[in-house]
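> Build me a model:
(one chain, ligands or ions: 1)
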Amino acid sequence: MIPGTLIDTLRTSAHAVILTGSGTSAESGVPTFRDAQTGLWSQYRPEELATPEAFESDPGLVWDWYQSRRKVIAAAEPNAGHYAIAALEQLFPKLTLITQNVDGLHQRAGSRNVIEFHGNINRSRCTVERVIVEPRPEDDGSPPACPNCGAPLRPDVVWFGEDIPHEALSAANSAVNHCDAIFVIGTSALVQPAADLPFKACARGAKVIEINTDATPLSASAHFVLQGTSGRILPALLEAFSQPAQTPGDS
Ligand code: NAD
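Below is the predicted model of the structure:
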């Protein structure tokens, strides 16, 4: 299932980047945005709720949607794909993990130095002072008020139309400007600017490895396309990559 030429490529890669999207957490039971929303939320599209405009016009609705997503995430566990990604850190001289996910499952699986490109749903911040408020005041309105200034709190995530936090963007750009290989896992490669990162790496000559259940706009440019779930493919890739390299004398 894992091409030997891919393993050869990885063995000569000093710096690997892994870019993940919501498909990476699908096998943990955290729905992707493209999956149909259920129950109360089936009448909304995420693109209508995850925007500054939606929060401005109906903060309670948006806050309650995030609360329902937080509950799903709190009940979820990292899957085999998350654990394999954490283990890959030991196999490259340098590995940079960039995630579009806001669920914190990579960190719970043991990944360190995660670039949270779109923030983290478990953090909240003051809409006026912009500072993180931890712990989040519970049962104190929807949305709760900042304990310091009384302004509404919001989830510390990047909404459609908002800028990526400067530090995350610059760390991600630096990684794609120096990597030898980039894995693109469980992302539709549609949401900008994350979608551009693998194309930038590819243009510099880095090898692109896509892992996804479906084809994406990136697939035609990828050097390796592994079709299937990340929870199945990543442990197999880890296993193949962990084997000692064969030398010409080996039979
Ligand atoms: P997306 O919903 O646009 O695309 C998901 C991709 O994952 C699709 O290409 C799909 O084919 C693929 N996929 C589904 N199940 C898979 C599996 N088991 N293994 C491998 N691939 C699988 O998600 P996106 O590209 O991450 O972009 C949407 C935005 O949604 C991001 O900004 C992200 O912040 C946000 N989001 C995050 C979470 C989360 O944190 N878990 C959940 C939903 C949405």
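
> by contact count, what packs against the host helix or strand of Ala201?
Assigned by DSSP states H and E, Ala201 belongs to helix 196-203. Under the contact criterion of 3 or more CB pairs under 8 Å, 6 or more residues apart in numbering; DSSP states H and E, helix 196-203 touches strand 15-20, helix 166-176, strand 181-185, strand 207-212. Every C-beta, even on glycine, is put in place using the N, C-alpha and C of the backbone.

> can you list the ones you listed in TSV and add mean neighbour count?
Output for the helices and strands packed on helix 196-203, formatted as TSV (neighbours: other CB atoms under 10 Å):
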stretch	mean neighbour count
strand 15-20	25
helix 166-176	16
strand 181-185	26
strand 207-212	24
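
> I'd like these as a markdown table, with mean pLDDT and distance to the ligand appended.
Formatted as a markdown table, the helices and strands packed on helix 196-203 follow (pLDDT from 0 to 100; distance: least, CB to the nearest ligand atom, whole Å):
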| stretch | mean pLDDT | distance to the ligand |
| --- | --- | --- |
| strand 15-20 | 98 | 8 |
| helix 166-176 | 98 | 12 |
| strand 181-185 | 98 | 6 |
| strand 207-212 | 98 | 4 |
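
> Redo those as TSV? Include distance to Pro235.
Below are these laid out as TSV (distance: least, CB to CB, whole Å):
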stretch	distance to Pro235
strand 15-20	15
helix 166-176	24
strand 181-185	13
strand 207-212	12
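
> quick one: the helices in the stretch 1-150 of the chain?
Secondary structure of the stretch 1-150 of the chain (DSSP state H, counting those that start in this stretch): helices located at 4-11, 46-49, 52-57, 59-75, 80-88, 105-109.

> For Thr247, give me the pLDDT.
What the model reports for Thr247 is a pLDDT of 69.

> Pop out the phi and psi values for Thr127.
phi -70, psi -20 (degrees, to the nearest 10).

> quick one on the thing from earlier: which of the helices of the stretch 1-150 of the chain has the lowest mean pLDDT?
Taking the mean pLDDT of those, helix 46-49 comes last: a mean of 88.

> Single out the residue in the protein that lies closest to the ligand.
Gly23 (2.2 Å; CB to the nearest ligand atom).

> hang on, Arg154 in a strand?
Yes. Arg154: assigned to a strand according to DSSP: H, G, I helix; E, B strand; the rest coil.

> Leaving out the residues flanking it, which one is nearest to it?
Thr127 (5.2 Å; CB to CB, 6 or more residues apart in numbering).

> Number of residues surrounding the one you found?
Neighbourhood size, Thr127 [other CB atoms under 10 Å]: 17.

> and it, what does it touch?
Applying CB atoms under 8 Å, 6 or more residues apart in numbering to Thr127 gives the contacts 146, 151-154.

> give me that answer again for 10 Å
Residues in contact with Thr127 (CB atoms under 10 Å, 6 or more residues apart in numbering) are 52, 55-56, 59, 143, 146, 149, 151-154.

> Equivalent analysis for Leu91, please.
Contacts of Leu91 by CB under 10 Å, 6+ apart are 10-11, 13, 16, 238, 241-242.

> Just the buried residues of those.
10, 13, 16, 238, 241 (16 or more other CB atoms under 10 Å).
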